[in-house]
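> Would you be able to build a 3D model of this:
(chains A and B)
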Amino acid sequence: MNTKSRRFSKNKIRVLLAKAGLDGHDRGIKVIAMALRDAGMEVIYLGLRRTPEEIVNAALEEDVDCIGVSLLSGAHNVLYPEIASLMKKKGLADKPLIGGGIIPEEDMARLRKKGVAKFFTPGAKTEDIVRFIEGAVRKK
Amino acid sequence: MAKKSADAIKAAKDHWSQKFLRKDFKLLPERLPAFTTVSGFPIEEPLCTPADLADTDYLRDIGFPGEYPYTRGAYPSMYRGRLWTMRQFAGYGTAEETNKRFKYLLKKGQTGLSTAFDLPTLMGYDSDHPLSKGEVGRCGVAIDSLADMEALFKDIPLDKITTSMTINAPASVIFAMYIAVAEKKRIPPARLGGTLQNDILKEYIAQKEWIYPPRQSIRLITDTISYCVQNVPKWHPISISGYHIREAGSSAVQELAFTLADGLTYVDACIKAGMKIDAFAGRLSFFFNSHNDFFEEIAKYRAARRIWAREIKKRYKPKEAQSVQMRFHTQTAGCSLTAQQPYNNIMRTTIQALAAVLGGTQSLHTNSMDETLALPSERAVTMALRTQQIIAHESGVANAIDPLGGSYFVEALTNKMEEEVYAYFKKIDRLGGMVEAIGQGYPQREIARSAQWYQQAIEKKEKIIVGMNEFTEQEEPLEVMKIGPEVEKKQARAVQAVRKKRGRRKWEASLKKLKETAEGDENLMPSLIEAVKAYATVGEISSALKEVFGEYKEPALF
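Below is the predicted model of the structure:
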């Protein structure tokens, strides 16, 4: 399926979205999924409670340009570094990893050093997210 | 209202509208192209009059507080007799830490406890499970076994306070632990008062903390209801919740319609399980959100009571008045708070709390201003509680019962919301009922659409959120509460110690008995109580039940 959809939509930016951690707050990620799709991107949404392994493996399999992970449970200090280091291990270090959720300022600073390209927190505009992904993917 | 007088008022209003209002609008046009509530519900009429209530019969549709159809309140005396219960939701870290917060809140004048559990507990995992990594004690208190519950309620007189427990899929397990803790304190179940959230349908719809498939989950719920009816008569075994539906992005009408439809589904299930309507209906309780739109919220609560009373009466013909009387808890809307200029959240919460009180809530949680950033700090929690105390003791709104009853606008809005709810009921019926509708993703889609509409309205500035999309400024970050990683290690070690220390034979036998009971159709509560007393953990009990019941899987759609 992946190779086919890849061929049919050569120019579309492909984004993998997933919820990591145990919380079920999927309002934000669904709104973002709809906004990215409306902006012409191809969105693969993995759903709730995905482990770092599942997320990175799906990113490889789906050959995506960008990974977005939402997390409101408070487990961000553990899960984002795991995802980022797995991405490195599997050769996905050049794909931007973006994060979203309730994450304190100082944790964000630390996590950015560990490989999260950008965080979008409550109050972020979907058009800013679209613009950021387009910029980050085109830069490569 | 007599038709003649309604016609006369309508004619006079038309005249006023032509002669004065239009003229005024010509000089100063309406400031918005369309006026809507925060939910997008249209407010077309700039002014309501008795003519808007021409079809409303006071005695039939509004009536008296504590009397059918309960539009004006659940009880006759309302806050003239007793104020609402001020119940702040709390829980974080270990049971010992939360026990301290509970005592702190009781000392500050809170009148009931409300427990928040961490995500591993809510999902039925022990603290040392691989999926619990990074989650232990973060969104609530970590409970693995009876030992933690004993620590959580240490030195708290369970026969003198009421406790609300926000837990769903493993609700019956935690309830079994509460009963076991009380027993150790020599308090019989009949003297326990409180509420178990125990509402799984809204989990599939909105909050998404499920374990088992719907049919098996509903059986756990009817088992707890039936157990309470017989053994814990002062307990509310379920709190049918719209709160999370609203937080997931629904409109006020959707919150109301889906919650009431869930409630009717549970009533059906109890009747099918052989219970009599008057035995349990009076113990059902509800839980609603209170968002920013003041009158929409008040109308929602009034419509909720009226629809519930009418539907229960029509469908089940109970004999007891209590069976049709809706009581509910309210929490102010977490989703309405902004990370920007967080002090503004105190004002939002005040307006929302006021709406809940004017809507006749039985208990109330007010959010803390820092909750979009982290778990609330002690200072923020105190301020939130003080907000309720100021409303109760200084504002004067609790001096008269339902002071907004009879407001042309509020009564007309109540009627309109009721109509919209019935339109949703029809759609849900056409889909084959609420369980079927959930299976088809219907309420989930409706909610996601409303969430998307709201986000767009904010981005296009059709809705102004002060400090976020208007009146913005640069600001210093707020000092917030932090929970360290040591909680997880401590909790993992503690549950491992419990597993080593407990008597193996009793533990094994209790889990075996639990599985056998799950396979049959006897009430599960006695087996659950035995298992928790043998120190079986939340994770072990959930795994045992998963073997029999299976697990729920949600399709990832948007």
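> OK, contacts around A:Ile44?
A:Arg14, A:Val15, A:Leu16, A:Leu17, A:Ala58, A:Glu62, A:Val64 (Cβ atoms under 8 Å, 6 or more residues apart in numbering or on different chains). (C-beta placed from N, C-alpha, C; glycine too.)
> How much space separates the most centrally placed residue in chain A from chain B?
Most central in chain A under Cα atoms, centre = their mean is A:Gly68, positioned 1.0 Å from the mean C-alpha point. Shown here: A:Gly68 relative to chain B, a distance of 12 Å by Cβ to the nearest Cβ, to the nearest Å.
> ok, that residue touching A:Lys30?
No: counting by Cβ atoms under 8 Å, A:Gly68 does not reach A:Lys30; the two are 12.0 Å apart.
> just to revisit the earlier point, in three-state terms, how would the residue nearest to the centre of chain A be classified?
strand (DSSP: H, G, I helix; E, B strand; the rest coil).
> so how far is B:Gly66 from it?
52 Å (Cβ to Cβ, to the nearest Å).
> can you check B:Arg60 too?
Applying Cβ to Cβ to B:Arg60 and B:Gly66 gives a distance of 16 Å.
> how about the strands of chain A, start to end?
Taking DSSP state E as the test, the strands found in chain A are A:14-19, A:42-45, A:66-71, A:97-101, A:118-120.
> whoops, chain B was the one
So, for chain B - with DSSP E - the strands run B:85-86, B:89-90, B:113-116, B:162-166, B:193-196, B:235-236, B:239-241, B:285-290, B:328-332, B:363-365.
> Please name the strands paired to the longest one in the sheet, noting orientation.
Strands adjacent to strand B:285-290 in the sheet, as given by DSSP bridges, are strand B:239-241 (parallel), strand B:328-332 (parallel).
> do the same with the last one
With DSSP bridges as the test, strand B:363-365 is paired with strand B:85-86 (parallel), strand B:328-332 (parallel).
> ok, and what's touching the shortest one?
The reference is to strand B:85-86. Counting by Cβ under 8 Å, 6+ apart, B:Gly109, B:Gln110, B:Thr111, B:Gly112, B:Thr162, B:Gln362, B:Ser363, B:Leu364, B:Leu385, B:Gln388, B:Gln389, B:Ala392 sit against strand B:85-86.
> can you do 6 Å?
B:Gln110, B:Thr111, B:Gly112, B:Ser363, B:Gln388 (Cβ atoms under 6 Å, 6 or more residues apart in numbering or on different chains).
> next one: that strand to chain centre, how far?
14 Å (Cα atoms, centre = their mean, to the nearest Å).
> circling back: if you average pLDDT over each of the strands paired with strand B:363-365, which is lowest?
Ranked by mean pLDDT, those end with strand B:85-86 at the bottom, a mean of 92.
> Poorly predicted segments of the stretch 101-250 of chain B, please.
Nowhere does the stretch 101-250 of chain B drop to pLDDT under 70.
> So which bits of it are right by chain A?
Residues of the stretch 101-250 of chain B lying near chain A by Cβ under 6 Å from any Cβ of the partner chain: B:Leu119, B:Met123, B:Lys133, B:Gly134, B:Glu135, B:Arg138, B:Gln207, B:Lys208, B:Glu209, B:Ala248, B:Gly249.
> Which ChimeraX command selects the buried ones in these?
For the buried members of those, the matching ChimeraX selection, counting by 16 or more other Cβ atoms under 10 Å in any protein chain shown, is:
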select /B:119,123,133,134,135,138,207,208,209,248,249
